[in-house]
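Enquirer: Take this sequence and fold it.
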Amino acid sequence: MNLVFFDLGVFLYWSEESIVSKSLASKGGVIVSNKEDLRALKDKHAVLDPEIIDMLKALKSSGFSLCVCDNLPQTQIKECLNKLEIIDYFDAFVSARTEDTMAKALNKKRATGDFAVYVGSEEKIIRAASKVRIPSIAYGQEWASVCPLAFSSALSPMEIEEQVRITFLIFNIVEKTIDKKSRVLGIDGITFAGKKVLADKISHYMDFVGQENIIVDLEDYHRAVEESYKGEDPVEAYYFNGYNNEKLIDEVLHPYRKQGKIDKTVYCLDISNDSFVNERHYTLSEDGVMILLGTMMYREPLMRYFDTTVYIRVDYREAEHRVSLVDAPIYGDDPLEEYKEKTIPAQKMYVARHNPFENKDFIIDNTNYHRPFFIV
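Expert: The predicted structure follows:
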């Protein structure tokens, strides 16, 4: 069962986005367009942001079990939800006054292996959830002050739904990686697919659950420009020579596999001056997970090193749009021209020859980076 816990403050809070972008009609027909009027009306009549309803419906229809946790007695929690006319969306209610009792109550609702997340801005509940390794999404009146304690944050009900889905996606990847006792987790996809963002979120979640990890980026292992363009066909040159996989294997992956750990400084190529001056230090014990991200990785000689595999799919037109937003040239060339003429053709060649969609642990569609989802 996949659980989403809310505190009552979530339903009584109007985000700045909703306040600015909407005018409200109360049940009495009063039109509200002013922030002070809105707050007064909200306090008097407990007006609910209609986007909250949309968010609850979307999560419910996606199979999430919705719960309310608060320090009020359950009778008062239910009274409040009845007044707001949303009680039917919820499957369970948790009431506890102290941090420890709240932690135990939250954990009791979750079976082994269940996904759970807390949404709200009550510091006591965020700390209680953290004690039982339930991540939090900061949202509500005090969201800004509790952001440092939370896994992520949301600025609107729509963002709550998005962050719940993203956290669920990350949870599944991390759980499988840990269950498989993986030493190397691979994240592959075309350039601008969102690999680094995903790797950072996975690393953050692993930190949260106490799983040691480091990130290694294949972008640090480019070959010199003249090697990347070696030959008559720049696409094939990039496909075969764009990355120094041998250096990555010889200096990082092979020693890590052989010794079961790593504590090493590697000097990578600075393409701007063709010298190995970019310092990367990797430290990981026998219990750690190396997160290796890059493009065109799921082929030899790298393929044999991955224990868990993630491939991120993005529509090529969307990727081109993301490239067009880059201000600085990539490696001295126009980024969009470079992408269209060399990078994308090489990556299409890779997909055709090696089919990175086949026999991978996770395939993620990230065309809409606000709403990534697993492709079954």
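Enquirer: any idea how far residue 159 is from the closest residue in space to residue 113 that isn't next to it in sequence?
Expert: Nearest residue to residue 113, sequence neighbours excluded (C-beta to C-beta, 6 or more residues apart in numbering): residue 175, at 7.3 Å. C-betas here are computed from N, CA, C, even on glycine. In this view, residue 175 and residue 159 are 24 Å apart by C-beta to C-beta, to the nearest Å.
Enquirer: Neighbour count: these two, which is higher?
Expert: Using other C-beta atoms under 10 Å as the criterion, residue 175 and residue 159 rank with residue 159 on top: 19 against 14.
Enquirer: list the helices and strands the helix or strand hosting the more buried one packs on?
Expert: Assigned by DSSP states H and E, residue 159 belongs to helix 157-179. Judged by 3 or more C-beta pairs under 8 Å, 6 or more residues apart in numbering; DSSP states H and E, the packing partners of helix 157-179 are helix 50-61, strand 116-120, strand 136-138, strand 152-153, helix 195-209, strand 308-313, strand 362-365, strand 373-374.
Enquirer: got the contact list for residue 11?
Expert: Residue 11 makes contacts with 48, 52, 80-81, 84, 86, as judged by C-beta atoms under 8 Å, 6 or more residues apart in numbering.
Enquirer: Most neighbours among those, which one is it?
Expert: residue 52 (23 neighbours).
Enquirer: Correct me if wrong: that one contacts residue 154.
Expert: No: counting by C-beta atoms under 8 Å, residue 154 is not a contact partner of residue 52; they are 11.8 Å apart.
Enquirer: ok, of the contacts of residue 11, which one's closest to residue 122?
Expert: Lowest distance from residue 122 to the contacts of residue 11 (C-beta to C-beta) belongs to residue 80, with 14.6 Å.
Enquirer: Grab the nearest non-local neighbour of the closest one.
Expert: Closest residue to residue 80 apart from its sequence neighbours, by C-beta to C-beta, 6+ apart: residue 8 at 5.7 Å.
Enquirer: what are the phi and psi values for that neighbour?
Expert: Per-residue torsions, residue 8: phi -60, psi -30 (degrees, to the nearest 10).
Enquirer: Now do the strands in the stretch 251-376 of the chain.
Expert: Per DSSP state E, counting those that start in this stretch, the stretch 251-376 of the chain carries strands over the ranges 262-270, 275-284, 289-294, 308-313, 362-365, 373-374.
Enquirer: Measure how far the second one is from the centre of its chain, please.
Expert: Which is strand 275-284. 26 Å (C-alpha atoms, centre = their mean, to the nearest Å).
Enquirer: And for the shortest one?
Expert: Using C-alpha atoms, centre = their mean, the mean C-alpha position of strand 373-374 is found 12 Å from that of the whole chain.
Enquirer: Quick one: residues in contact with that strand.
Expert: With C-beta under 8 Å, 6+ apart as the test, strand 373-374 has contacts from 165, 169, 172, 362-365.
Enquirer: Show me the shaky parts of the stretch 101-250 of the chain.
Expert: Filtered on pLDDT under 70, the stretch 101-250 of the chain yields the residue ranges 226-232.
Enquirer: For residue 139, see how far away the nearest residue to residue 256 once chain neighbours are set aside is.
Expert: Among residues not flanking residue 256 along the chain, residue 262 sits closest, at 4.4 Å (C-beta to C-beta, 6+ apart). To residue 139, residue 262 is 39 Å away according to C-beta to C-beta.
Enquirer: Among those two, which residue is more densely surrounded?
Expert: A count of neighbours by other C-beta under 10 Å puts residue 139 above the other of residue 262 and residue 139, at 27 against 22.
Enquirer: Report the contact partners of residue 152.
Expert: Residues in contact with residue 152 (C-beta under 8 Å, 6+ apart) are 135, 137-138, 163, 166-167.
Enquirer: what's around residue 276, how many residues?
Expert: Residue 276 has 12 nearby residues by other C-beta under 10 Å.
Enquirer: For it, give the beta-bridge partners.
Expert: With DSSP bridges as the criterion, residue 276 is bridged to residue 269.
Enquirer: Surely it and residue 251 touch.
Expert: No: under the criterion of C-beta under 8 Å, residue 276 is not in contact with residue 251, lying 10.8 Å apart.
Enquirer: How about residue 169: what's its closest non-neighbour residue?
Expert: Spatial nearest neighbour of residue 169, excluding adjacent residues (C-beta to C-beta, 6+ apart): residue 372 at 6.0 Å.
Enquirer: Now that neighbour. Its backbone dihedrals?
Expert: Residue 372 has phi and psi values of phi -70, psi 150 when expressed as degrees, to the nearest 10.
Enquirer: what about it, neighbour count?
Expert: Going by other C-beta under 10 Å, the residues that sit close to residue 372 add up to 21.
Enquirer: contacting residues for it?
Expert: Shown in contact with residue 372 (C-beta under 8 Å, 6+ apart): 165-166, 169, 194, 198, 312, 364-366.
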